[in-house]
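# curious how this folds, go ahead:
(chains A, B and C)
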Amino acid sequence: MTTTISLATRTSAPTLKRSPSPWMRIALRTLRNIPALIGFLLIVAFFFTALFANFLAPYSYDKQDLDNIEKPPSAQHWLGTDSLGRDMLSRLIYGARSSAFVVLLVTVVNLALGIPLGAAAGYFGGWLENLIMRTTEILFAFPGLLFTFLIAATIRPAVLDWARSNGFADLARSGYLDYAVVIIALGFVGWAGLARFVRGQVLTVKEREYVIGARSIGVPTWRVIGRHILPNALAPIIVALSMGMGFIALSEGYLSYLGIGLQPPNPSWGNIAAENFGRYWRTFPQFLWLVFIPGLILTLIVLAFAFFGDALNEALDPELVD
Amino acid sequence: MATFLARRLVWLPVVLFFVSILTFFLGLYGPGNPINIMVGLKANPETIERIKAEYGFDQPVYQQYFNYVFKAVQGDFGYGLVKYRDQPVGRIIAERLPVTIQLNIAALVVGVIVGIPLGLLAGLTRNSWFDYSVRFLSLIAVSIPLLFLLPFLTFIFSRRHDLVLNAANLQFAIGPFLPMVGGHWDGILSTKVLLPILIESLGIVAVLTRQMRAGIIETLGQDYVRTARAKGLRERMVLLRHAMRNALIPIATILTLSIGGLVEGSFLVENWFGIPGVGQLALDAFTAREYYIIMGITLIIAVAYVVANMAADLLYPILDPRIRSSK
Amino acid sequence: MGTLLEVKDLRTEFHTQDGVVHAVNGVTFAVDEGETLGLVGESGCGKSVSVLSVMRLIPQPPGKIAGGQVLFQGRDLLTVDDEEIRSVRGNKIAMVFQDPMTSLNPVLTIDTQIGESLELHLGMTKEQARKRSVELLKMVGIPEAEGRIEDYPHQFSGGMRQRVMIAMALSCTPQLLIADEPTTALDVTILAQIIDIVKRLKRELGMAIIWITHDLGVIAGLADRINVMYAGFIIETAPVKEIFGNPLHPYTLGLLGSIPRLDETRKEKLTPIEGLPPDLVTMPTGCPFYDRCRFRTEKCLHENPPLEVSAVRHSVACWNWQDVVKARGRA
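Have a look, this model is predicted:
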């Protein structure tokens, strides 16, 4: 009794234009948004600066110019110098390298833990899923950053003690172990969100006909996940990563600011801010540039990731178009 | 619904158990070694043995854990090791906790009072210049780090004419807005805490504004709102009775989740302004390697967070009848 | 009987990013007191938009009523102030929507949702409204109405919710009931029940009805008169028997050809109408049905046919309707 008019063929087909690939369209839609475009350019500049820090920085990050201590911006030192006569611009440029290094490595750790664990939980279910999901729930029982603080604060001294008493004193002194501490602390917590998300995606795709079909003809499990399930979840994962990167940069900043992340003389925007806050806040606003600039740069990068991620998210979700 | 709540209630102690184990091992048995901190790396073995016995570190690990948890439940979180040597951690935290709680509640209240109406207005005047500026500013406020916000807002809100003075007497120069000099806490109603509260609440204001805007736009597009209009109801009624309630449901979750952000924020805010709360204590403990204090604070915050989430789960069925009767 | 509602040259458009969507393009029709009018067409043909325009329920922006008149009992609803249109909505003209799952507010009790019209338009107290709500629920055949009045919408099945919607619409005994595809979201047995209820209530209460559907079969036994809409135009209007017995527009013919019949042995396959309706942003200058029409001529490409009287109470917007008659005779 119910009828609908079936629409068999298009008699007046519109002229077929070669439309751009979906990825291209998403990129265009994202970058049409001006703040997102600015964000994207800032992100590119951030990684570029990090990669070529040694070419871009006029001085080394720890070179002291004892004739110029606490000097305001000048032709010689564009952003002035700090209390040890170090060039602020150079320290900030190398700070970008620290930040980018941490951001990329933590992202890799998150991906390496989050995707396999989330996919396994969603695909296999059962006790494995229970174990993985309950673990993430326990991790979520702590406010995220606080847990990071806790881990960094507790393992840092231990890692350093261990290195010292096992003949790695130089390594401990170099401060490179601090990077490891920060990456462990952030990586330990960060994968949980991604794992939950991937699991959700896997669950929705798992019962689709083509996945059942692929399994029924004996395609190996890892291949079903890799070829059929993950590609479908790729776009939202990219959004999550983009947003996550800003959060990682921010967390590294906080850890270093609080003295449980990267330590001076290794430059991090967080510890540069802390050094200068501590020293110059009392003489505020005389050394305004030293107090504001590290925080400002971190802010710009965090905002860049936020605006870019936000626009990317809207570009990927056609229903969200305003 | 009842089974759902029961499951959550059973899950609560499980989470708390793991939270306490994690805290305990990270603090005492993972990497850190309190004895080294107390006696130094080069102490003679006898001293170490004596201290071990004195603090119970010679007992089996599980025994120590149970001792710790058992005492923690009674409010005894151990003793200070170095800076706060032999002072009860429970009391140290208890002195600081009210300050942080008051500060965070005040920030939460400001967040709700400002964020919800702002989001509502933005949603109702969608795509107006007001909406655009609210959206833009809230996105900035959500992602702007305290590292910038703290000096920046302090700068903005200080009295300009004083700022040009030399800064030796900065404490007085910034006038009513620079609070908490020397760890003196005047209570939450003091004007000194206006700026810290404002800064702490900014993130919540932004998040609530965004959620409320999105929520009201979504609900106003719902079929039942059209039905309400088709009945001839006034727009005010449509908004208050039909749209607002549905739009407010997700706010409960947002609020509980924002508690985490607030606590993290108080680490930085309290230090910046010299407010003698738990955040300041925590940083002190980080640098002084006061593991019992770190553990105590972590445990308390984690418990509060878990319980708050639980409360949100209980609140949901009150707000949303669909959940009330589902299984 | 007198004319209750008269819609004259109504035009509604939507201003979107892709351009102006011409959803309703000069629609004229009338509803007599107590008459049942069927508004038929495929989705996107402007049938819902035209009745929502009558109620002034088009979301503005992006929607805009660009012109025309809606005379209800002599007053133009498009020009009266907000206060006055509100006193008509839910009171003299009431509406039942397509999806009963989403058209009721999930967080309010049925009592509240029915009662608010009664309190608003009839000035009842809470107690009176509640009593009346129970009566209304009984009237639409909801069992144990007293016990269910405090329930929430999700506690009802789809068919029951649509009954609640009808009870709500009829609460103030409107003179005109607009039913916007009220049965589309329901399954077939429930659909029949709902139609029966509406038929019975129409007999009892004597209101006029505009029933919107994409399914000619649904309103065959319900409507007095049928308007067929296509691309924002009314392309044929006639009493229900005429539409089924003497369809003059090629589109109407196509619609009838795609109804499966159970009472005849099938001689041929169901014939779908091929193609798609025109893009409502870049409307063609000629007949909107041109692309899909079997009877098209050169004239159709350039001139859009007006709705012209072809027989008693029967109008059609087609240059070649006589060819349709001939072709029907041959078939």
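
# low pLDDT regions in chain A?
A:1-23, A:232, A:278-288, A:317-322 (pLDDT under 70).

# remind me, longest helix of chain B?
Determined from DSSP state H, the single longest helix within chain B is helix B:89-124.

# what's that one packed up against?
helix B:129-143, helix B:194-220, helix B:244-273, helix B:278-288, helix B:291-319 (3 or more Cβ pairs under 8 Å, 6 or more residues apart in numbering or on different chains; DSSP states H and E). C-betas here are computed from N, CA, C, even on glycine.

# which helices and strands does the second one pack with?
Just to be clear, that refers to helix B:194-220. Checking 3+ Cβ pairs under 8 Å, 6+ apart, helix B:194-220 ends up next to helix B:89-124, helix B:129-143, helix B:146-157, helix B:244-273.

# who touches residue 228 in this structure?
The chain I'm using is chain A. Counting by Cβ atoms under 8 Å, 6 or more residues apart in numbering or on different chains, A:His228 makes contact with A:Val205, A:Tyr210, A:Val211, A:Ala214.

# wrong one, chain C
So C:Val228 contacts C:Val40, C:Gly41, C:Ile234, C:Ile235, C:Glu236, C:Thr237, C:Ile243, C:His249, C:Tyr251, C:Thr252, C:Leu255 (Cβ under 8 Å, 6+ apart).

# can you check B:Val114 too?
Contacts of B:Val114 by Cβ under 8 Å, 6+ apart are B:Ser201, B:Val205, B:Thr209.

# of all these, which comes closest to C:Glu116?
When the contacts of B:Val114 are ranked by distance to C:Glu116 (Cβ to Cβ), B:Thr209 comes first, at 29.8 Å.

# residue contacts, that closest one?
If a contact means Cβ under 8 Å, 6+ apart, then B:Thr209 has B:Val114, B:Gly115, B:Ile116, B:Leu118, B:Gly119, B:Ala122, B:Val134, B:Ser138 as its contacts.

# the second one: neighbour count?
Number of residues near B:Gly115 (other Cβ atoms under 10 Å in any protein chain shown) recorded here: 28.

# list the buried residues of the longest helix of chain B.
By neighbour count on 16 or more other Cβ atoms under 10 Å in any protein chain shown, the buried set for helix B:89-124 is B:89-90, B:92-93, B:96-97, B:99-100, B:102-104, B:106-108, B:110-112, B:114-116, B:118-124.

# also stretch C:22-35?
Using 16+ other Cβ under 10 Å as the test for burial, stretch C:22-35 gives C:His22, C:Ala23, C:Val24, C:Asn25, C:Gly26, C:Val27, C:Thr28, C:Phe29, C:Val31, C:Asp32, C:Gly34, C:Glu35.

# restricted to strands, list those residues.
Residues of the buried residues of stretch C:22-35 located in strands (DSSP state E): C:His22, C:Ala23, C:Val24, C:Asn25, C:Gly26, C:Val27, C:Thr28, C:Phe29, C:Val31, C:Asp32.

# spatially nearest residue to the fifth one, not counting backbone neighbours?
Meaning C:Gly26. Of all residues not flanking C:Gly26 in the chain, C:Asp9 sits nearest, at 4.9 Å (Cβ to Cβ, 6 or more residues apart in numbering or on different chains).

# residues from the stretch 1-150 of chain A in reach of chain B?
A:Pro35, A:Arg134, A:Glu137, A:Ile138, A:Ala141, A:Phe142, A:Pro143, A:Gly144, A:Leu145, A:Leu146, A:Phe149, A:Leu150 (Cβ under 8 Å from any Cβ of the partner chain).

# give me the buried entries from the residues you listed.
By 16+ other Cβ under 10 Å, the residues of the stretch 1-150 of chain A next to chain B give A:Pro35, A:Glu137, A:Ile138, A:Ala141, A:Phe142, A:Pro143, A:Gly144, A:Leu145, A:Leu146, A:Phe149, A:Leu150 as buried.

# still on that earlier bit, can you tell which of the helices and strands packed on helix B:89-124 is closest to C:Val140?
helix B:244-273 (25.5 Å).

# from the middle of its chain, how far away would that closest one be?
Remark: helix B:244-273 is offset 6 Å from the chain centroid, using Cα atoms, centre = their mean, to the nearest Å.

# which positions in it come out as buried?
Going by neighbour count (16+ other Cβ under 10 Å), the buried part of helix B:244-273 is B:244-252, B:254-273.

# for the residue of the stretch 151-300 of chain C found nearest chain B, phi and psi?
Of all residues in the stretch 151-300 of chain C, C:Tyr152 sits closest to chain B, at 4.3 Å by Cβ to the nearest Cβ. Torsion angles at C:Tyr152 (phi, psi; degrees, to the nearest 10) stand at phi -100, psi 160.

# give me the low-pLDDT residue ranges for chain B?
B:1-2, B:4, B:28-43, B:55, B:157-192, B:324-327.

# centre-most residue in it?
B:Val263 (2.5 Å; Cα atoms, centre = their mean).

# that one touches B:Ala107, doesn't it?
No - between B:Val263 and B:Ala107 there is no contact under Cβ atoms under 8 Å: 10.6 Å.

# for the nearest residue to C:Ser50 once chain neighbours are set aside, name its beta-bridge partners.
Once flanking residues are discounted, C:Ser50 sits nearest to C:Val24: 4.9 Å by Cβ to Cβ, 6+ apart. Beta-bridge partners for C:Val24, by DSSP bridges, are C:Thr12.

# C:Val24 and C:Val316, how far apart?
19 Å (Cβ to Cβ, to the nearest Å).

# kindly report the same for B:Leu137.
Separation of B:Leu137 from C:Val316 (Cβ to Cβ): 58 Å.

# neighbour count winner among these two?
With neighbours defined as other Cβ under 10 Å, B:Leu137 and C:Val316 compare such that C:Val316 has more, 26 against 16.

# pLDDT value on that one, please?
Note for C:Val316: predicted pLDDT of 85.

# tell me how many other residues crowd the closest residue to it other than its chain neighbours.
Computed as Cβ to Cβ, 6+ apart, the closest residue to C:Val316 that is not its neighbour in sequence is C:Leu248, at 4.1 Å. The number of residues packed near C:Leu248 is 25, by other Cβ under 10 Å.

# backbone dihedrals for C:Leu248, please?
Torsion angles at C:Leu248 (phi, psi; degrees, to the nearest 10) stand at phi -110, psi -20.

# isn't it right up against C:Ala317?
No - C:Leu248 lies out of contact with C:Ala317 (Cβ under 8 Å); the separation is 9.4 Å.

# between these two, which contacts overlap?
Joint contacts of C:Leu248 and C:Ala317 (Cβ under 8 Å, 6+ apart) are C:Glu236.

# which SS class is C:Met95?
What DSSP: H, G, I helix; E, B strand; the rest coil gives for C:Met95 is strand.

# can you count the residues close to it?
28.

# helix/strand/coil for A:Val159?
The three-state label given to A:Val159 by three-state DSSP is helix.
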